[in-house]
Structures are given as C-alpha cells and as structure tokens.
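Engineer: structure for the following, please:
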Amino acid sequence: MINRPRSWNGKPLAGEWLVTIKIDGVRAIWHDGLGWLSRAGKQLYNIPRWQQGSARDCEVFIGTFRDTIRATRTRLTKQDTPTIQPQHLYGLDQLDARLRWSTLKNPSTTDILAQLQHANDLNHEGIVLRQADRWIKVKPEETHDIIITGYAEGEGKHRGRLGFVTTAKGAVGAGFTDSEREILWAKAKAGKLVGQVIEVSCMQFTSMGQFRHPVFVRMRPDKLVP
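Structural biologist: From the prediction side, this is the model:
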C-alpha cells in the first residue's frame with residue numbers, strides 16, 4: 001500500500017514524531033514486471049533499475065522539479081535530457097538517511113513551524129512528520145492537486161490562448177505565464193487538457209468547499225487524484 005501524506009492542520013501533535021526533509025521530486029514506485037511507475041500508475045523512464053534490498057518506494061530528485069520531470073517523463077532521451085543516477089533516488093519505504101532531520105515529542109505549533117523554517121532556510125521544500133504509517137506534510141504554503149474538468153479561452157490580451165481552467169473546487173485563472181497559456185490552450189484544443197492534474201495554491205476554502213483566491217502552480221503529470 002502506498003503511503004500518502006496528509007497536510008498538517010496547524011495544530012499541535014501528540015507523541016513522538018520523526019522529522020524528515022520534503023524534497024520537490026517525483027514519487028516512483030517499483031513494480032516487478034512493470035518497472036518504475038508514478039503514483040498515478042504512469043510509466044517513468046531513465047531511472048536505474050531496482051536492486052535487491054533497496055527501497056521500492058522512492059522520491060526521485062536531480063536538483064529541480066523541472067529537470068526531474070523532464071528526466072522521468074522522457075521516453076527517448078536527447079543530448080540535453082538530465083541523467084538520473086542511483087544517488088538521485090531517496091528511499092521512502094526504507095527511509096534514506098539523507099532525509100532524516102530530527103525528532104519531536106508532543107510538538108507544539110511553534111515547534112513544528114520552527115522546524116519548517118529551518119528546512120526552508122536550507123532551500124528544502126518543507127518537512128514530513130512521521131509516526132509509524134502516519135505521514136504529515138508541512139509546507140510554507142499548502143497546495144492541492146486537482147483534476148481539470150474544463151477550460152475557457154481568455155479575453156483581451158489572452159484571446160487565442162487559455163483564460164482559465166475549471167475544477168471540482170472552482171475555476172483557476174491566475175498564475176499562468178503567457179507561454180503556459182499558449183501551450184495549455186493547444187493541449188485543450190487537441191483534447192488533451194481535461195483530465196490532467198494541476199497543483200493549485202489557495203487562501204483556504206470557502207464555506208462551500210471552493211478554492212479561495214486560487215493560483216495555478218504547475219502541471220503534475222506524475223500524479224493522479226482520485
């Protein structure tokens with residue numbers, strides 16, 4: 001069973017927790033006969049084959065999220081395709097020692113935020129608090145992965161490219177660069193945008209469960225949201 005960390009609710013926690021570094025990579029799970037797959041069950045490429053005794057559930061990270069996506073999603077490599085080495089795999093089911101940070105006992109909100117700030121100061125994405133099979137992710141700004149259900153053409157300067165996308169939790173129109181609007185509009189017209197997963201940041205939710213001030217962060221081709 002794949003462990004999916006839940007977002008921290010901002011409240012103190014009871015018991016002893018292992019604090020681990022959260023890196024901004026791609027989750028890769030080894031399947032005998034199928035190789036490395038994403039959490040969404042999509043094939044991942046260019047990752048060194050699993051070796052007996054090593055972790056079967058990993059985070060792949062080669063310096064930036066963009067390069068990691070390029071490397072793991074490129075079936076036919078090019079000269080500029082980033083190379084994935086064994087050291088770029090960080091075990092999660094068998095926790096990689098490089099991810100271990102510290103431990104906290106009955107941490108208060110202040111304790112957790114202090115650990116987060118320390119991690120952010122060292123350019124880490126955030127932290128994950130672990131207590132057995134309970135994993136809680138803590139980031140400076142919580143984001144949410146959600147499926148695109150529709151789209152609309154932009155108006156004014158955005159005519160002829162994407163204006164906004166719709167989701168089960170409301171429309172998202174902010175955060176797209178001009179280039180992203182053009183690329184995603186082409187995908188939309190080709191029938192390849194609806195069903196894709198995007199990462200969205202927002203200022204909490206409305207009483208109706210809709211995004212409040214949503215902002216597009218990035219596409220998440222490595223994820224599938226139920």
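Engineer: give me phi/psi at the most far-flung residue of the chain relative to its centre?
Structural biologist: Using CA atoms, centre = their mean, the residue of the chain lying farthest from its centre is residue 156. It sits 32.3 Å away. Note on residue 156: its backbone torsions stand at phi 60, psi -130 [degrees, to the nearest 10].
Engineer: please apply the same query to residue 164.
Structural biologist: Backbone torsions for residue 164, taken as degrees, to the nearest 10, come to phi -160, psi 160.
Engineer: that one: what's it in contact with?
Structural biologist: The contact partners of residue 164, taken as CB atoms under 8 Å, 6 or more residues apart in numbering, are 151, 152, 154, 171, 172, 173. The way it works is simple: take the backbone N, C-alpha and C, and place the C-beta from them, glycine included.
Engineer: which residues does it bridge with?
Structural biologist: residue 152 (DSSP bridges).
Engineer: how far away is it from residue 72?
Structural biologist: For residue 164, the distance to residue 72 (CB to CB, to the nearest Å) stands at 29 Å.
Engineer: cool, residue 185 as well?
Structural biologist: When residue 185 is compared with residue 72 (using CB to CB), they lie 25 Å apart.
Engineer: how is the protein carved up into domains?
Structural biologist: Using automatic domain parsing, the domain ranges for the chain come out as 6-138, 144-219.
Engineer: need those domains in a markdown table (columns: mean pLDDT).
Structural biologist: Compiled in a markdown table, the domains of the chain are given as follows (pLDDT from 0 to 100):
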| stretch | mean pLDDT |
| --- | --- |
| domain 6-138 | 93 |
| domain 144-219 | 92 |
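Engineer: for residue 210, see how far away residue 75 is.
Structural biologist: Residue 75 is 38 Å from residue 210, by CB to CB.
Engineer: compare these two (neighbour count), which wins?
Structural biologist: Counted by other CB atoms under 10 Å, residue 75 and residue 210 do not tie: residue 210 has more neighbours, with 14 against 8.
Engineer: please tell me how far the more buried one sits from residue 113.
Structural biologist: Distance from residue 210 to residue 113, by CB to CB: 27 Å.
Engineer: what's residue 46 in contact with, if anything?
Structural biologist: Here residue 46 is in contact with 71, 72, 74, 77, 81, 83, 84 (CB under 8 Å, 6+ apart).
Engineer: for burial, what's the neighbour tally of the last one?
Structural biologist: I take that to be residue 84. 23.
Engineer: so it sits against residue 47, correct?
Structural biologist: Yes: contact status for residue 84 versus residue 47: in contact at 5.3 Å, counting by CB atoms under 8 Å.
Engineer: list residues touching both of these two?
Structural biologist: Joint contacts of residue 84 and residue 47 (CB under 8 Å, 6+ apart) are 60, 72.
Engineer: follow-up on the earlier one: mark which of the contacts of residue 46 are buried, thanks.
Structural biologist: 71, 72, 84 (16 or more other CB atoms under 10 Å).
Engineer: return the member of those residues nearest to residue 215.
Structural biologist: Within the buried ones among the contacts of residue 46, the smallest distance to residue 215 is 25.3 Å, found for residue 72 (CB to CB).
Engineer: where does the closest one fall, secondary structure wise?
Structural biologist: helix 65-73 (DSSP states H and E).
Engineer: so is residue 29 in a helix, a strand, or just coil?
Structural biologist: Three-state assignment for residue 29 (DSSP: H, G, I helix; E, B strand; the rest coil): strand.
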